[in-house]
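S.K.: Model the structure of this input:
(2 chains)
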Amino acid sequence: MTTTTDHGLAGHSPRLSEGLPETSPNRRRFSWNFAIRILLLLVAATLTLGPVLWTLSTSLRSPSESFKLPPSFFPWNPDFTSYGEVFQQLNIFLLVLNSALVTGLIAVGQMVTAAMAGYAFAHLKFRGRGALFSIVLATMMVPVQVTIVPVFMLIRGMGLSDTLLALILPAIPTAFGTFLMRQYFMGLPAELAEAASIDGASPWRTFRSVYAPLAMPGMAIVGILAFNFHWNEFFRPLILTISEQNFTLPLGLVSLQGNLGTGSISVVLAGVVLSMIPALVVFMFGQRALQDGLTAGTGK
Amino acid sequence: MSTTTPPRERPRQAAGPASHAKAPATNGRHSQRWLAWIFLAPTILGMGLFTLIPIVASVVLAFFRWDIISAPTFVGFDNFSEVVQDPTVRVSFLNTILFVVVAVAFQLGLALALAIMVQEKMPAWLRVFFRSAFFFPLILSAASVSIFMRYLFNEQFGVVNWFLSLVGIPAVPWLTTPGGSAAVVILVYVWQNFGFSFLLFIGGLASIPVETYEAASIDGATGWRRHLYVTLPLLSPTTLVASVMAIISALQVFDQPYVLTRGGPGDSTRTAVMVIFESAFQRLEFGQASAIGVLLTLIIMAITAAQFRLSKRFVFYQ
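M.R.: Here you go, the predicted structure:
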């Protein structure tokens, strides 16, 4: 990562991610250019993380203190009453349970169905494969807002309105996940299938014991993306759930803010912080996978 | 991906035609077809039910008047002509287009500038820190972000106005004036989404060979000029992808204005998707909602097509 002078050597083609070569690699001197660049980036990072830190720290002020200016960015005397309040004002266990159930089942459902469909598109031969794959890709371009009215009717017709299944079922078939898994399986050598079939394995057996275990990292990306998206989802739950017992976290928090008005910021923010915890866990352990998944298929 | 194609052919040739004639092979191909359809069934059936049929239904519904309670009646293009003349719908589409222009320009400019600065020489740990920081807002829910941003932009006790007061700027009525609300919606949206464009630009920058910069510096392009003459042209495929994705997602903005302003004051921050939501689920005008949805989809398709057309002239592929 640090400066090497052999950039031009044949067969070694350093990319920009390793940093641009210095004009004078041997001399380490203070550069205004560097200082200003880092300063600007630090300002940008502060503006990005600042609001989140303020949220965390204000949620740790007592409800009566939470309006006070100057704002606090560091919780010197953490006060957890707001967190107690949030549990009283809001059935947060139910919200978390609903969100976890909805998000978890969607993620698992997407991982399984996308792996199966992706495998079929990558390694199985059947008539109409190319055309069918194009149709799957084309559905990615249709915004959810356009199909929401008929989906709402369909859910009603199926007798599922105002149930968690109304949120789960329509979200399981995934064009993007299928695309991702197809790319993933295409990256695995086809010789594995040839070898397995020479050993007398059926196509199912080939998938089950050769490809599926190798596809776990790809499935993890699909799962993490699904989790991140649906844990934060607001539009569909707003429409497809009616009674509070079926609310997911974002919906519950928005309704909490509505109920309290500007009464006690810290209680609302305590709820917001609680809702961020799972996302934070994903961020810490799956950031790379999340970044790879989000930018997959953009010609990177 | 391209590396997988050559090895695929090899074993088939090595095995020779004899093995193809064998019973297990044809049997295998037959069961392959069966397995393919079994594997595809959940995805294909699910998409047919929850995406393809709804698309068709949405288009059909746009020609009917229906409030769920009484039977639908065919009204031809009435929904479209009513929708196009409705002042709220017009304002909302105009708002959406203005929002897209400003937010996307802001988002892409910011993301590109930050990506270039992050990719230049710096300690590795610092680069990791900046990347994570800019990516971070993407993992939060737009609804939660909008909740805390409402407090930050509060006129009396908000942190933003407090900071502005330090430099002598009087309290800005962020959420109570049309201009202020629009600014907040744009700022909050860009705050949360620039990280995605940033990631795309980082990926694009990483694929520009360092040799190109070395050659450019020999030709006398140094400092910001090498970005003008090398980075921007070589990055144009990434810029195209980033702008298409940013525009498509900005056209569908809903969560931020819904939670921050509910479309107000007046109609000043009402967006196209908010109007779909309101006419369907608050006024029970499902036909009109579908008509607005069809119009929005047509706009999205037209803009995407136009971008790819324009790109033939301006995008430089290596």
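S.K.: which element is the residue nearest to the spatial centre of chain A on?
M.R.: The centre of chain A sits closest to residue A:228, judged by Cα atoms, centre = their mean, with a distance of 2.7 Å. Per DSSP states H and E: residue A:228 is located in helix A:216-231.
S.K.: I would like the residues contacting that helix, please.
M.R.: The contact list for helix A:216-231 (Cβ atoms under 8 Å, 6 or more residues apart in numbering or on different chains) reads A:99, A:102-104, A:106-108, A:110-111, A:114-115, A:118, A:171, A:174, A:176-177, A:180-181, A:184-185, A:249, A:278-279, A:282, A:286, A:289-290, A:292-294, A:296, B:139, B:141. Yep, even glycine has a C-beta here, placed from its N, CA and C like the rest.
S.K.: Recalculate using a threshold of 6 Å.
M.R.: Here helix A:216-231 makes contact (Cβ atoms under 6 Å, 6 or more residues apart in numbering or on different chains) with A:103, A:106-107, A:110-111, A:114-115, A:177, A:180-181, A:184, A:282, A:286, A:289-290, A:293, B:139.
S.K.: Low-confidence regions, the stretch 1-150 of chain A specifically.
M.R.: Residue ranges of the stretch 1-150 of chain A with pLDDT under 70: A:1-30, A:66, A:71-73, A:75.
S.K.: Try it again at 90.
M.R.: A:1-36, A:50, A:53-96, A:122-130, A:134-149 (pLDDT under 90).
S.K.: can you give me the helices in it?
M.R.: With helices called from DSSP state H, counting those that start in this stretch, the stretch 1-150 of chain A shows them at A:32-59, A:81-89, A:92-123, A:129-138, A:144-157.
S.K.: which helices and strands does the longest one pack with?
M.R.: Meaning helix A:92-123. helix A:165-168, helix A:175-186, helix A:216-231, helix A:249-260, helix B:23-47 (3 or more Cβ pairs under 6 Å, 6 or more residues apart in numbering or on different chains; DSSP states H and E).
S.K.: For residue B:286, find the nearest of the ones you listed.
M.R.: Of all the helices and strands packed on helix A:92-123, it is helix A:165-168 that lies closest to residue B:286, at 17.2 Å by Cβ to Cβ.
S.K.: Just the CA coordinates for that closest one, please, in PDB.
M.R.: Provided in PDB are the C-alpha atoms of helix A:165-168 (Å, rounded to 0.1, in the frame of the first residue of the first chain):
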ATOM      1  CA  LEU A 165     -47.300 -12.800   5.300                       C
ATOM      2  CA  ALA A 166     -48.500  -9.800   3.200                       C
ATOM      3  CA  LEU A 167     -45.100  -8.300   3.600                       C
ATOM      4  CA  ILE A 168     -43.100 -11.500   3.300                       C
END
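S.K.: just to revisit the earlier point, which is the next helix or strand following the helix holding residue A:228?
M.R.: That would be, after helix A:216-231 and using DSSP H and E, helix A:235-240.
S.K.: chain center to that following helix, what's the gap?
M.R.: Here helix A:235-240 is found 18 Å from its chain centre; the criterion is Cα atoms, centre = their mean, to the nearest Å.
S.K.: Relative to residue A:266, which of the helices and strands packed on helix A:92-123 is closest?
M.R.: helix A:249-260 (10.5 Å).
S.K.: what packs against that closest one?
M.R.: helix A:92-123, helix A:265-295, helix B:142-152.
S.K.: out of the contacts of helix A:216-231, which are buried?
M.R.: A:103, A:106-107, A:110-111, A:114-115, A:177, A:180-181, A:184, A:282, A:286, A:289-290, A:293, B:139 (16 or more other Cβ atoms under 10 Å in any protein chain shown).
S.K.: re the thing from before, right, so the helices and strands packed on helix A:92-123: which one is the most enclosed?
M.R.: Most buried of the helices and strands packed on helix A:92-123, by mean neighbour count (mean count of other Cβ atoms under 10 Å in any protein chain shown): helix A:175-186, with a mean of 23.
S.K.: Remind me what that helix packs against, helices and strands.
M.R.: If you count contacts as 3+ Cβ pairs under 6 Å, 6+ apart, helix A:175-186 packs onto helix A:92-123, helix A:216-231.
S.K.: Dump those to TSV, plus distance to residue B:282.
M.R.: Formatted as TSV, the helices and strands packed on helix A:175-186 follow (distance: least, Cβ to Cβ, whole Å):
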stretch	distance to residue B:282
helix A:92-123	24
helix A:216-231	25
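S.K.: Looking at those, spot the one closest to residue B:45.
M.R.: helix A:92-123 (9.9 Å).
S.K.: in that closest one, what counts as buried?
M.R.: So for helix A:92-123, counting by 16+ other Cβ under 10 Å, buried means A:92, A:95-96, A:98-99, A:102-107, A:109-123.
S.K.: again, but for stretch A:134-142
M.R.: Counting neighbours by 16+ other Cβ under 10 Å, stretch A:134-142 gives A:136, A:139, A:142 as buried.
S.K.: that older thread, mind checking the helices and strands packed on helix A:92-123 for the one nearest to residue B:149?
M.R.: When these are compared (using Cβ to Cβ), the closest one is helix A:249-260, at 11.5 Å.
S.K.: now what about that closest one, what contacts it?
M.R.: A:90, A:95, A:99, A:234, A:237, A:268, A:271, A:275, B:141, B:143, B:147, B:259.
S.K.: what about the last one, neighbour count?
M.R.: Yep, that's residue B:259 we're talking about. Residues near residue B:259, counting by other Cβ atoms under 10 Å in any protein chain shown, number 25.
S.K.: residue contacts, residue B:229?
M.R.: residue B:221.
S.K.: before we move on, what about residue A:268?
M.R.: Contact analysis of residue A:268 by Cβ under 6 Å, 6+ apart lists A:256-257.
S.K.: roughly how far apart are it and residue A:89?
M.R.: 9 Å (Cβ to Cβ, to the nearest Å).
S.K.: Kindly report the same for residue B:44.
M.R.: From residue B:44 to residue A:89 the distance is 45 Å (Cβ to Cβ).
S.K.: Ok, residue B:105 next?
M.R.: From residue B:105 to residue A:89 the distance is 41 Å (Cβ to Cβ).
S.K.: Much appreciated, bye for now.
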